Every structure is written in structure tokens, then in C-alpha cells.
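# Sequence isn't available, so here's the structure alone:
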Ligand SMILES: [Zn+2]
């Protein structure tokens, strides 16, 4: 917030023409500095012994008309500049250790990415490195080296189809007009909403059916390769597991859920040649997406920390295998900080027993 305000304030200063406006501008910057000090104190107070963990998926090289709110490189760069000037960014594993030891700095924050998109390496990683900030990437191993997640299959089907409407009644998914970009966005949301909680194989099949109906070929290289995961580790980023095929664990038979959890760990350890200690629950909502037996599986598999998508900020009382995450994505730093404070002020985060 404060750096953004300072920039606006200096712009104001540059255009003053007379003594009166210079005086007004001077008092405004004094006021801005005062507000900044108060605001930073409020943020420091709210974040005592608390860890905010950001969750992102992708950073796009340029804007996507289908997803105008997805962060692009320039915005991510701006956001990181602000984060670096305002927060104390820690590697997630270090942050968990310090959370447990009660030695977190004020305004502690960790950055995480889910799923393993190729732009994590090509777009986000160079920007993170420029700012010297660490991040943890949770990889779905089954899509490495040329795979596509079921949701991206649906998205690319609706993005690429030349049809003016898609009739998916034969697979129980209705008829979707596609005349405008808004139509396509609505169709994607509707179809994803309908198939998200289907059993994993049925969900994959439905996504392929939609692709077939669209007459579209999937773009190559959406997800990371095994080599690029190693490259990210060499760059200093932390790698965590996110299952093999991104199932909703709560909808998955126990033996399959166990396999998904331990096999993603095993595969990543084979790729990286080192132990993988962090895990992210797919979709991540406590009770809806995972339940207590999955937390016990994660513990038994040997993970020492795991993250959900319950909102809130972690405290020393948090279950280290169900740490909350959130993304207060906003282009204006002031709004970002406001959302951070609101998130810090939430009561106990949602977990499962
Ligand atoms: Zn995910």
C-alpha cells in the first residue's frame, strides 16, 4: 500500500505549479507517511504469531480474455514488489518450523503454487528470482511431460471450438451458446461445476467427451516436465506433492486415495533425488474435498506439513497438516493489504478431525 501511495504522492509533487499547491502536496505526503506508519503497525499487530500462505496456480505471460482476473507477469511483478516491501517472505518449510517454534517474524508470508503449470517456470519463477523471493510448488505428478488436467481440457475445448454453440445433451451437460467470450466463460463454469465432483475416471472421460464434441486439439506444453521440476528445485524453489491425478480425495476409495498420496511423493522423490515433505490437498476444502482419514494418510506417508484451501492464517495452534491458504488477489496494493488484514482477523480456520 505505502509504496503505491508514495509513487502517487511523488507524481502529485511533480505537477505542482505554485506555492499553495506545493504546500498542499507537502502536507499530503506527510499525511501519507503517517497513514503508512499506522497501517504497517496495524498489519504487524494483526500478524503476530500468524503465517499467511498465498495460493496461486498460474501467472500468464499476457492477459487471457477468458480469465481477465488471472494474474499476468506485469501485475505479478508489481505484487511481489509490494509484498517484498511490506511482508517477511519465508520458504514454507522454514515458516512451518518457525510457526511451531513460536519464532515467526511479524507480517510472515509464504507463497505457493498448485498443480504444476509450465508458466510457473517460464513466467513466475524469473519474477520471483528477480525479487529474491522463495515459493513452494505443489506438483500433480500424473500430468508432467505433456499431460493436461481435466479442467484445462474443458477450458481449451470451449476456447478453441469454431462452433457457435455446443450441444452436450448426449453426455447430460446441456446446450451452450458460444457467440461471445462471456458465453464461453459461462459455459466453462457450468460444465466444470457439473463434472468436478464426479468420480475421477468419469470426470476425465466427460472432459474428453467435451473436447471431442468441440473438435479441438489440445495445446501442448501446458504443464511442467520432469526436467523443469528439477530445474525449479535447482533455482531454489521448494517442491511439494499434490497427488498423481488430482482426485477429490473425499470422493475416492481409501486404497486409491492412499496410492494417490504416497505415489506422488515417491515419484517426486525419484525425480528430485531428495525427500518431499510438503503436501497440498487437491481442491483443498476441508470436509468437502478431504476428511480426517486423508490427514492421517498424509501423516503416515511421512509428510511434515500440508496445506488446504480453507481461508485464514495459521497460528501455533493450527494443525500443521491442515494449514489454511488464501489469495487476496487485487491489483491495488491497498486492497491487497486490506484483504490480508481481514484474513488475519478470521477466527479458527476450518479443519477436519
Ligand atoms: Zn490443485
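Ah, there it is. None of the values given here were measured: they were computed from a predicted structure.
# How is the protein partitioned into domains?
As assigned by automatic domain parsing, the chain contains the domains 2-43, 47-61+69-146+221-345, 150-214.
# Could you look over the ones you listed and pick the most buried one?
Of all the domains of the chain, domain 47-61+69-146+221-345 carries the top mean neighbour count, a mean of 19, counting by mean count of other CB atoms under 10 Å. No exception for glycine: its C-beta is placed from N, CA and C like everyone else's.
# Now do the strands in this protein.
Shown for the chain, the strands assigned by DSSP state E span residues 51-56, 88-89, 108-115, 136-139, 165-167, 175-177, 238-241, 278-280, 305-307.
# Closest approach to the ion from the protein, which residue is it?
Per CB to the ion, the residue of the chain with the smallest distance to the ion is residue 114, at 4.0 Å.
# Could you tell me the least trusted of the domains of the chain?
In terms of average pLDDT, domain 2-43 trails the rest of the domains of the chain, at a mean of 55.
# Verify the contact between residue 322 and residue 308 for me.
Yes - checked against CB atoms under 8 Å, the pair residue 322 and residue 308 is within contact range at 5.2 Å.
# Quickly list what's touching both of those two.
Common neighbours of residue 322 and residue 308 (criterion: CB atoms under 8 Å, 6 or more residues apart in numbering): 286, 349, 351.
# what's the closest of the residues you listed to residue 236?
Closest approach between these and residue 236, by CB to CB: residue 349, at 28.6 Å.
# Is it correct that that closest one is in contact with residue 314?
Yes - between residue 349 and residue 314 there is a contact at 7.4 Å, judged by CB under 8 Å.
# between these two, what contacts are shared?
Residues touching both residue 349 and residue 314 by CB under 8 Å, 6+ apart: residue 324.
# one step back: want to try TSV for the strands of the chain, with distance to residue 224 as columns?
Listed next are these as TSV, based on distance: least, CB to CB, whole Å:
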stretch	distance to residue 224
strand 51-56	15
strand 88-89	22
strand 108-115	9
strand 136-139	7
strand 165-167	30
strand 175-177	31
strand 238-241	10
strand 278-280	15
strand 305-307	19
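# Once you drop chain neighbours, what's closest to residue 303?
Taking CB to CB, 6 or more residues apart in numbering, and ignoring the residues beside it in sequence, residue 303 has residue 279 as its nearest neighbour in space, at 4.4 Å.
# Give the full set of residues in contact with that neighbour.
Taking CB under 8 Å, 6+ apart, we find residue 279 in contact with 138, 240-242, 261, 265, 298, 301, 303, 305-307, 321.
# So which of those reach the ion?
Among the contacts of residue 279, no residue lies close to the ion (CB under 5 Å from the ion).
# wait, which of these is closest to residue 144?
Compare each of the contacts of residue 279 with residue 144 using CB to CB and the shortest gap goes to residue 242, at 11.2 Å.
# Make sure that closest one is actually in contact with residue 278.
No - counting by CB under 8 Å, residue 242 sits too far from residue 278 to count as a contact (9.6 Å).
# what do those two both touch?
residue 138.
# check contacts around the nearest residue to residue 245 once chain neighbours are set aside.
Excluding its sequence neighbours, the residue lying closest to residue 245 (CB to CB, 6+ apart) is residue 142, at 4.4 Å. Residue 142 is in contact with 243, 244, 245, 246, counting by CB under 8 Å, 6+ apart.
# how near is the third one to residue 201?
Read it as residue 245. Spatial separation of residue 245 from residue 201 under the definition CB to CB, to the nearest Å is 9 Å.
# Can you name the residues bridging to the residue sitting nearest the centre point of the chain?
When the chain is reduced to its mean C-alpha position, the closest residue under CA atoms, centre = their mean turns out to be residue 56, at 1.7 Å. The residues listed as beta-bridge partners of residue 56 by DSSP bridges are residue 113.
# just checking, residue 229 touches residue 139?
Yes - the pair residue 229 / residue 139 is scored as a contact, 6.1 Å apart, by CB under 8 Å.
# Please enumerate the shared neighbours of the two.
Here residue 229 and residue 139 have 116, 239, 268 as joint contacts, going by CB under 8 Å, 6+ apart.
# Quick one: residues contacting the first one.
Neighbour list for residue 116: 137, 138, 139, 140, 141, 143, 144, 223, 224, 229, 242 [criterion: CB under 8 Å, 6+ apart].
# tell me the contacts of residue 272?
Contact partners of residue 272, counting by CB under 8 Å, 6+ apart, are 229, 230, 233, 239.
# What's the separation between residue 149 and residue 178?
Applying CB to CB, one obtains 22 Å for the distance of residue 149 from residue 178.
# Closest to residue 91 out of the contacts of residue 116?
Minimum distance to residue 91 across the contacts of residue 116 is 11.6 Å, recorded for residue 137 (CB to CB).
# That closest one bridge partners, please.
Following DSSP bridges, residue 137 is listed with bridge partners residue 113, residue 239.
# need the contact list for it.
Neighbouring residues of residue 137 by CB under 8 Å, 6+ apart: 112, 113, 116, 120, 229, 232, 237, 238, 239, 240.
# again, but for residue 79
Residues 71, 333, 336 are the ones in contact with residue 79 under the rule CB under 8 Å, 6+ apart.
# Distance to residue 87 for those - can I get that in a markdown table?
As requested, those are arranged in a markdown table below (distance: CB to CB, whole Å):
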| residue | distance to residue 87 |
| --- | --- |
| 71 | 17 |
| 333 | 11 |
| 336 | 10 |
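# Name the nearest of those relative to residue 96.
For those, with residue 96 as the reference and CB to CB as the criterion, the closest is residue 336, at 23.4 Å.
# The closest one against residue 342, yeah?
No - counting by CB under 8 Å, residue 336 stays clear of residue 342, with 10.9 Å between them.
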